[in-house]
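S.K.: Fold the stuff below for me.
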Amino acid sequence: MTATVERDVFFVSNSVDELGGVTSWSHQMARLLTGRGHRVHVVGITPPGVSQEIGDVPYPTTTLYAGQPPRPGRARDAGMREQAARLTALFRAARPRAVVIVTQVWAMEWVALADTRGLTVIGMSHESFAYSRACSRFQRVRRHYRDVDRMLALTREDADLWIVHGMNNASFMPNPLPFMPEVPSPRTGKSVVSIGRLHDQKGIDMLLDTWAEVAPLHPDWDLRIYGSGEDEELLRKQCTDLGLDDSVHWMGRTGDVPGALRGGSVFVQSSRGEGFPLALMEAMAAAVPCAAFDCAPGVHEIVRDGEDGLLAAVGNTGELARRLDTLMSDKELRDRMGEAARVNIQRFTTAEIVRRWEDLFGFLER
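M.R.: Here you go, the predicted model:
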């Protein structure tokens with residue numbers, strides 16, 4: 001299927017290959033839109049601190065800086081203007097009806113200096129309103145996305161909150177389902193699976209505290225933690241201090257998420273903050289029921305509590321432990337919720353989300 005109107009589409013992010021969900025989302029959408037006949041270009045501001053493998057891509061990628069930009073001052077300002085001029089050159093070479101999608105607000109600081117006349121500019125926030133509200137990104141979103149054609153949150157609930165705080169151009173767009181594996185998990189292995197960066201936001205420290213309550217109740221189960229990150233050493237020490245080394249397995253980063261999920265019967269997410277978490281969607285697509293902290297509207301938009309997964313108040317490790325215990329103790333419940341999850345998550349298929357993007361492009365062009 002091809003697009004009704006073929007466009008040039010630019011994705012502008014902090015980096016083209018940094019570790020994290022925004023990068024995965026950007027390249028998934030870039031591939032999908034390329035497949036629809038659009039001419040896509042992915043642009044990053046700087047090289048990442050920690051990169052991920054993006055593989056061969058059917059579109060060009062550009063990184064503006066060879067290293068990190070200078071600290072604030074004249075050199076930084078001059079460098080920003082120089083790199084914004086590079087963006088302008090890319091944008092001026094685009095065909096009519098071109099669209100610029102800025103996936104992270106820091107990158108918008110360069111796009112704002114470039115010439116975007118005649119282009120549709122969409123700014124995105126890939127985190128919940130509450131998580132953004134608690135840090136400096138809140139004011140930066142309000143400042144840098146105020147005049148774009150559309151500011152997109154990930155859920156209607158978050159978009160409404162942005163509107164209340166003066167962003168009258170706010171709307172929402174959920175993430176597409178990353179994949180739909182042909183072979184779901186059989187849910188026979190006695191393993192709980194976690195997938196995410198070993199970073200404070202992902203709350204692996206709280207997961208270990210949770211597991212310390214659950215593990216004695218289920219000595220034949222293990223916890224498999226997939227991911228890497230700057231907190232790994234501290235987390236491994238915490239694991240040892242809690243006496244969990246025999247039941248917790250540090251699996252490292254994986255390039256085979258479906259395979260990792262097929263090895264588990266329950267998925268757990270312990271994040272302090274999220275946007276529209278891909279890992280939850282991936283687990284549900286694999287028919288693995290989830291227990292998660294309800295840390296963002298995107299979480300309870302994805303998981304229907306009591307129907308296809310179980311939610312706990314964010315930070316309440318005792319409650320999350322009880323949710324895990326419920327799923328681990330009842331195979332019939334796991335099977336019922338896992339099958340429901342695989343069906344329910346299909347409301348976010350790539351075909352549906354791409355159609356919504358195409359409709360948005362057409363609407364903003366009017």
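S.K.: Can you give me the buried ones in the helix or strand hosting Glu332?
M.R.: For Glu332, the enclosing helix or strand under DSSP states H and E is helix 331-344. Buried residues in helix 331-344, counting neighbours by 16 or more other C-beta atoms under 10 Å, are found at 334, 337-338, 340-342, 344. C-beta: built from backbone N, CA, C; applies to glycine.
S.K.: Outside of the helix or strand following it itself, list whatever touches it.
M.R.: Next along the chain after helix 331-344, taking DSSP H and E as the criterion, comes helix 350-365. Contact partners of helix 350-365, identified using C-beta atoms under 8 Å, 6 or more residues apart in numbering, comprise 3-5, 7, 28-29, 32-33, 36, 97, 99, 120, 122, 149-150, 171, 173-177.
S.K.: repeat that for 7 Å
M.R.: Residues outside helix 350-365 that contact it (C-beta atoms under 7 Å, 6 or more residues apart in numbering): 3-4, 7, 32, 36, 97, 99, 120, 149-150, 173-174, 176-177.
S.K.: From the residues you listed, keep the buried residues only.
M.R.: For the contacts of helix 350-365, buried by 16+ other C-beta under 10 Å: 3, 7, 32, 36, 97, 99, 120, 149-150, 173-174, 176-177.
S.K.: from those, which is closest to Trp221?
M.R.: Trp221 lies nearest to Leu177 out of the buried ones among the contacts of helix 350-365, by C-beta to C-beta, at 27.8 Å.
S.K.: All the helices of this structure, in order from the start?
M.R.: With DSSP state H as the criterion, the chain has helices at 21-35, 74-92, 105-111, 129-133, 137-144, 156-164, 204-214, 232-241, 257-262, 278-285, 297-302, 317-329, 331-344, 350-365.
S.K.: Give me whichever of these is most buried.
M.R.: helix 278-285 (a mean of 26; mean count of other C-beta atoms under 10 Å).
S.K.: from the middle of its chain, how far away would that one be?
M.R.: Centroid separation between helix 278-285 and its chain, computed with C-alpha atoms, centre = their mean, to the nearest Å, is 11 Å.
S.K.: Tell me what the residue nearest to Met173 when sequence neighbours are not counted is bridged to.
M.R.: Leaving aside its chain neighbours, Met173 sits nearest to Leu152 (4.8 Å; criterion: C-beta to C-beta, 6 or more residues apart in numbering). As for beta bridges, Leu152 partners with Met124, Ser171 under DSSP bridges.
S.K.: ok, now how distant is Leu152 from His41?
M.R.: Leu152 sits 19 Å away from His41, going by C-beta to C-beta, to the nearest Å.
S.K.: Now distance to Arg197 and mean pLDDT too, for the helices of the chain, in TSV please.
M.R.: Shown next, in TSV, are these (distance: least, C-beta to C-beta, whole Å; pLDDT from 0 to 100):
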stretch	distance to Arg197	mean pLDDT
helix 21-35	9	95
helix 74-92	27	94
helix 105-111	18	97
helix 129-133	15	94
helix 137-144	18	96
helix 156-164	22	97
helix 204-214	9	98
helix 232-241	10	98
helix 257-262	14	94
helix 278-285	10	96
helix 297-302	17	96
helix 317-329	19	98
helix 331-344	23	97
helix 350-365	24	95
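S.K.: nearest to Lys190, of these?
M.R.: helix 317-329 (7.9 Å).
S.K.: Counting neighbours, which bits of stretch 44-53 end up buried?
M.R.: Across stretch 44-53, burial judged by 16+ other C-beta under 10 Å covers 44-48, 52.
S.K.: Which two of those residues have the greatest separation?
M.R.: The farthest-apart pair in the buried residues of stretch 44-53, when distances are taken by C-beta to C-beta, is Ile45 and Gln52, at 16.5 Å.
S.K.: Out of the contacts of helix 350-365, name the ones that lie in strands.
M.R.: Assigned to strands by DSSP state E, the following of the contacts of helix 350-365 qualify: 99, 120, 150.
S.K.: list the contacts for the closest residue to Ser191 other than its chain neighbours?
M.R.: The shortest distance from Ser191 to any non-neighbouring residue, by C-beta to C-beta, 6+ apart, is to Gly264 (4.6 Å). Residues near Gly264 by C-beta under 7 Å, 6+ apart: 185, 189, 191-193, 224, 288.
S.K.: Please repeat the previous calculation with a cut-off of 6 Å.
M.R.: Residues in contact with Gly264 (C-beta atoms under 6 Å, 6 or more residues apart in numbering) are 191, 193, 288.
S.K.: Count residues in the vicinity of the second one, would you?
M.R.: Burial of Val193, expressed as a neighbour count using other C-beta atoms under 10 Å, amounts to 28.
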